[in-house]
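Peer 1: Give the three-dimensional model of this entry:
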Amino acid sequence: MDLEKPMFKDLITCVRCGYPETSENINFDELGLCKACRSSEQKMKISWDIREKNLKKIFQKYKEASGDNYDCIVPISGGKDSAFQLYLLTEVYDLKPLAVTFSHNWFTETGRYNLQNILEKTNVDHLEFTPKRGLVNKLARESLFKIGDACWHCHTGVEAFPLNIACKFKIPLLIYGESVAENSGKATYLDNPEFSIDYFLKMSAKVKPDEMLCADISKKDLAPFKSPSQEEIEAVGLKRIFLGDFIFWDAERQTEFVRDYLDWKEEEVEGTYKQYKSVECIMPGVHDYAKYIKRGFGRGTDFAMQDVRAGLMTIEEANEIQKQTDPIKPKILSYYSKITGIGEHEFAATLEGQRGDAAKRNLPSAKDMTIDIDVPVNNSIQKIIDPNSSINSDNRRHLGLQVPRVFPNFGLMKQEAERILKNYDGRKYRENDDTENLHELTATQIVKRMKSQTISIEALVRSYYAQYKKVEQSVNAWIEYDFENSLLQAKLLDYASLQNKFTGDISGVPFAI
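Peer 2: Sure thing, here's the model as predicted:
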């Protein structure tokens with residue numbers, strides 16, 4: 001493979017940065033330049049001091065109007081951009097923001113740390129919504145067939161949730177980070193795009209919630225993904241701005257800043273050579289691999305082309321990076337297959353069937369454009385793909401119970417306990433038990449003997465029950481006490497102990513008794 005040449009040489013690409021014609025909504029001008037390249041030129045000529053003055057005027061206007069309410073809403077994910085946004089708004093511009101997070105329910109450990117860390121560093125109020133795991137799995141499946149990636153619920157949720165909170169709390173100003181003109185190739189700094197209610201629908205979600213309805217997904221399931229009506233938005237007077245349209249946006253410099261001064265952490269991200277974009281999510285590998293099969297480029301290309309436009313590397317170096325990152329099959333794909341039931345063959349065939357004309361003409365099969373090699377992944381992904389991992393898909397456990405129930409249903413509990421104890425022989429314990437004075441042991445002594453399996457919980461219950469009968473005759477404190485049920489539960493705990501199946505902290509057992 002010639003690393004310095006484009007991977008798919010027959011695709012038309014931007015003459016400067018190499019962005020391919022298969023990129024969605026891309027346009028080349030008469031010189032063969034894409035909008036992202038034109039934006040990079042404009043960016044160096046814009047009077048950013050004037051734009052920042054306009055930004056301050058916007059902030060002043062909404063701050064004066066907010067009264068006792070929040071000055072603005074800031075949608076955050078815990079990523080580098082949202083960390084920098086919160087820093088700017090609180091420390092530089094002295095605003096009182098309400099931070100809101102739509103959780104994709106795919107957080108990495110590092111992402112969760114980064115989110116909590118920046119909230120504490122900037123001392124802001126925060127609301128978070130997390131859709132249930134089973135629904136996320138179903139939407140991730142339907143999303144592949146409807147829009148060609150796994151992330152419809154995230155594309156839609158990050159739009160709908162902030163809008164709904166803005167309307168409910170009557171906070172008209174929403175502040176986002178990176179400009180659309182920065183890297184997308186869908187607009188320039190001079191286009192002044194209109195960020196309408198369906199902006200994210202047009203840019204990424206592609207289909208409305210009602211179009212995701214299927215046998216497994218109901219309207220009630222999709223309610224959190226619906227944006228407020230146009231009437232509700234107009235009643236609040238909602239305005240949406242991107243900080244990158246008003247201040248010089250430099251992702252590399254800003255990442256270094258939040259890392260060095262705000263303790264924001266980077267980590268391995270599948271499919272790219274940079275460790276900061278989407279570090280909060282386990283699924284970018286699947287998202288970008290899907291784009292690679294469908295369009296012939298992934299996140300490695302995205303970042304490399306950005307670096308070419310920024311003058312940080314040559315097009316030849318970018319082509320080399322593309323070939324070393326985009327074709328690698330992500331390890332997290334096995335988890336995606338597990339939660340959706342979509343095997344790798346169906347995954348690839350679905351995306352090949354969604355290719356546009358240029359991709360159909362110039363791209364080989366997914367099999368022929370994929371490299372399956374072992375590469376480092378972050379700790380969260382490693383735990384998930386570990387065959388011994390306890391992380392499961394939608395196989396919800398009912399605590400080992402045959403009949404789901406509302407606790408307590410002692411009749412069912414007794415049946416379940418008797419089934420479990422059918423082959424239980426407690427003689428090992430009973431041979432060593434002296435039940436008469438066990439109630440005099442301290443909690444520490446009980447726990448120590450439980451760990452060494454030299455005391456049974458059944459014996460403890462019998463000892464305490466003997467004391468209860470003596471005392472109860474004079475104080476008459478109990479309306480009812482079910483000794484047989486206590487004994488049954490004690491035997492269950494003894495059985496679990498002997499089988500080495502004790503879960504949780506046993507130090508609570510003496511207090512329960």
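
Peer 1: those helices in the stretch 101-250 of the chain, which residues are they?
Peer 2: 109-122, 133-147, 152-169, 180-183, 199-200, 219-222, 230-236 (DSSP state H, counting those that start in this stretch).

Peer 1: Over to the stretch 401-513 of the chain?
Peer 2: Using DSSP H, counting those that start in this stretch, helices in the stretch 401-513 of the chain cover 410-420, 427-430, 443-451, 457-475, 483-498, 509-512.

Peer 1: which one of these lies closest to Met7?
Peer 2: The closest of the helices of the stretch 401-513 of the chain to Met7 is helix 483-498. By Cβ to Cβ, the value is 56.3 Å. For the C-beta atoms, the positions are set from N, CA and C on the backbone; glycine is no exception.

Peer 1: Out of the helices of the stretch 101-250 of the chain, which is closest to Ile385?
Peer 2: Nearest to Ile385, of these and by Cβ to Cβ, is helix 109-122 at 14.5 Å.

Peer 1: Please point out which parts of the closest one sit buried.
Peer 2: Thr110, Gly111, Tyr113, Asn114, Leu115, Asn117, Ile118, Leu119, Lys121, Thr122 (16 or more other Cβ atoms under 10 Å).

Peer 1: do stretch 158-169 as well
Peer 2: Quick answer for stretch 158-169 (16+ other Cβ under 10 Å): Val158, Glu159, Ala160, Phe161, Pro162, Leu163, Asn164, Ile165, Ala166, Cys167.

Peer 1: Farthest pair within these?
Peer 2: Farthest pair in the buried residues of stretch 158-169, by Cβ to Cβ: Val158 and Cys167, 15.9 Å.

Peer 1: okay, now the domains of this protein?
Peer 2: According to automatic domain parsing, the chain comprises the domains 1-33+289-396, 48-253, 416-512.

Peer 1: could you give me the average pLDDT of the shortest one?
Peer 2: So that's domain 416-512. Across domain 416-512, pLDDT averages out at 72.

Peer 1: Save the buried residues of stretch 158-169 as a markdown table, and put in pLDDT and distance to Lys57 too.
Peer 2: Converted to a markdown table, these look like this (pLDDT from 0 to 100; distance: Cβ to Cβ, whole Å):
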| residue | pLDDT | distance to Lys57 |
| --- | --- | --- |
| Val158 | 94 | 27 |
| Glu159 | 93 | 26 |
| Ala160 | 94 | 29 |
| Phe161 | 96 | 28 |
| Pro162 | 96 | 23 |
| Leu163 | 95 | 24 |
| Asn164 | 96 | 28 |
| Ile165 | 97 | 25 |
| Ala166 | 97 | 21 |
| Cys167 | 96 | 25 |
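
Peer 1: of those, closest to Gln306?
Peer 2: For those, the nearest to Gln306 is Val158 (21.2 Å; Cβ to Cβ).

Peer 1: Not counting sequence-adjacent ones, nearest residue to that closest one?
Peer 2: Nearest non-adjacent residue to Val158, counting by Cβ to Cβ, 6 or more residues apart in numbering: Phe102, 4.9 Å away.

Peer 1: and that neighbour, how many neighbours does it have?
Peer 2: 26 (other Cβ atoms under 10 Å).

Peer 1: That one is in contact with Phe129, isn't it?
Peer 2: Yes: assessed by Cβ atoms under 8 Å, Phe102 is found in contact with Phe129 at 5.6 Å.

Peer 1: Include distance to Ala349 and mean neighbour count when you put the helices of the stretch 401-513 of the chain into CSV, please.
Peer 2: What follows is these, written out as CSV (distance: least, Cβ to Cβ, whole Å; neighbours: other Cβ atoms under 10 Å):
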stretch, distance to Ala349, mean neighbour count
helix 410-420, 45, 14
helix 427-430, 58, 13
helix 443-451, 55, 15
helix 457-475, 56, 16
helix 483-498, 47, 18
helix 509-512, 54, 14
